[in-house]
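Student: Following is a predicted model, sequence given first.
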Amino acid sequence: VVGGNVDRLLVNGLLDLEALGLFALATKFAKLLSDLIGEPFGQAYGSFRYTIMEKGNAAELQARIMRYLMVGTCFCALGLLYFAGPVLRLIATPEYWEAERLLPVLVAAAVLRVVAYPTQTGIFWSKNTHHVFHINLLQAAVHAGGSLALIWAFGLPGACVAALVTSVVSIVAYHRFSQRYFPVRYDHPQLAAIAALTVGFHFSGLAASGHGFVIELAAKCVLLAGFLLFSWRVGLRADERNDLAALLR
């Protein structure tokens, strides 16, 4: 509990209540990824992953699921970044609109927290859950120390970067320990390509902003559709595209 809220305590102590309000609002928007993607995926995949462990292609299935999860999470992350601004301008007073500027880094941290879930499989399958305790301690230390240093130096952007650094440390630690018990060759080039594609479409969305509410929404809907089309090529192998096309037909 302390590790998860230390950034808010530090924002309140080192900055002011106005900064705390902006940070809390931006954090709530970023948390939508965990609520809408992370939780349902965890409930659906949590038990399913144990049913495939005895199969010869269990590691391949895990890598494939990771790619699918990455595409789906990044798609939702883009939608959140595209439409958070218009939503904020509809529901909040102008002093809270600055929360939109904090979202990209916080959303990136949220994406990593969601896609970290499959990397924990080896730890739980082998019942070496003591690693989870150690990783949680590491996360708390990194989050507290990073938040203190970065908020003091950079203010609210520092708090967002601290959250991202904590997510990076977490997924790297889970991956490293889990690989000892259940080695998986993740498609790192494809995962990196999906991440790069997401960043590119995010900046394209920034160019679409400021042209009127209707035009902005229409342009961003087109960009989201474009992201899906590019992800079809980047995130799926040829045989997977053929299988999905046959299923859709």
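Tutor: Sure thing, it's come through.
Student: what's the single longest helix in this protein?
Tutor: Counting residues, the longest helix found in the chain (DSSP state H) is helix 58-91.
Student: in that helix, what's buried?
Tutor: By neighbour count on 16 or more other C-beta atoms under 10 Å, the buried set for helix 58-91 is 58-59, 62-67, 69-85, 88. Backbone N, C-alpha and C define where each C-beta goes, glycine included.
Student: what do you get for stretch 116-128?
Tutor: Judged by neighbour count using 16+ other C-beta under 10 Å, the buried positions of stretch 116-128 are 116-124.
Student: What helices and strands are in contact with the helix or strand that the longest helix of the chain is followed by?
Tutor: Per DSSP states H and E, helix 58-91 leads on to helix 99-115 as the next helix or strand towards the C-terminus. Counting contacts by 3 or more C-beta pairs under 8 Å, 6 or more residues apart in numbering; DSSP states H and E, helix 99-115 packs against helix 17-33, helix 58-91, helix 156-181.
Student: Now do helix 99-115 and helix 58-91, the angle between them.
Tutor: Helix 99-115 and helix 58-91 are oriented at 160 degrees to each other (axes from the mean of the first three to the mean of the last three C-alpha atoms, to 10 degrees).
Student: what distance separates the very next helix or strand once past helix 99-115 from the centre of its chain?
Tutor: Next along the chain after helix 99-115, taking DSSP H and E as the criterion, comes helix 121-125. Distance of helix 121-125 from its chain centroid, counting by C-alpha atoms, centre = their mean, to the nearest Å, is 21 Å.
Student: going on from helix 121-125, what's the next piece of helix or strand?
Tutor: helix 130-154.
Student: Now do that next one: distance to the chain's middle.
Tutor: 18 Å.
Student: quick revisit: between the helices and strands packed on helix 99-115, which one is nearest to Tyr45?
Tutor: Closest approach to Tyr45 among the helices and strands packed on helix 99-115 is made by helix 58-91 (7.0 Å; C-beta to C-beta).
Student: so what does that closest one touch, helix or strand wise?
Tutor: By 3+ C-beta pairs under 8 Å, 6+ apart, helix 58-91 packs against helix 17-33, helix 39-51, helix 99-115, helix 188-208, helix 213-234.
Student: Below-threshold pLDDT in the protein: ranges please.
Tutor: Applying pLDDT under 70 to the chain flags the ranges 1-4.
Student: who's in contact with the spatially most central residue of the chain?
Tutor: In the chain, the centroid-proximal residue (C-alpha atoms, centre = their mean) is Val111; its distance is 0.5 Å. Val111 sits next to 33, 73-74, 77 when contact means C-beta atoms under 8 Å, 6 or more residues apart in numbering.
Student: wait, which of these is closest to Ser147?
Tutor: Closest to Ser147 out of these is Leu33 (20.3 Å), distances taken as C-beta to C-beta.
Student: what's the burial count for Tyr50?
Tutor: Residues lying near Tyr50 (other C-beta atoms under 10 Å) number 13.
Student: hang on, it packs against Lys127?
Tutor: No. Using C-beta atoms under 8 Å, Tyr50 is not in contact with Lys127; the gap is 11.5 Å.
Student: re the thing from before, any chance of the helices and strands packed on helix 99-115 in CSV, plus distance to Ala225?
Tutor: As requested, the helices and strands packed on helix 99-115 are arranged in CSV below (distance: least, C-beta to C-beta, whole Å):
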stretch, distance to Ala225
helix 17-33, 20
helix 58-91, 10
helix 156-181, 28
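Student: Of all those, which one is nearest Ala245?
Tutor: helix 58-91 (15.4 Å).
Student: Now do that closest one and helix 17-33, the angle between them.
Tutor: Relative orientation of helix 58-91 versus helix 17-33 (the same axes, to 10 degrees): 140 degrees.
Student: and helix 58-91, how far from the chain's centre?
Tutor: Remark: helix 58-91 is offset 7 Å from the chain centroid, using C-alpha atoms, centre = their mean.
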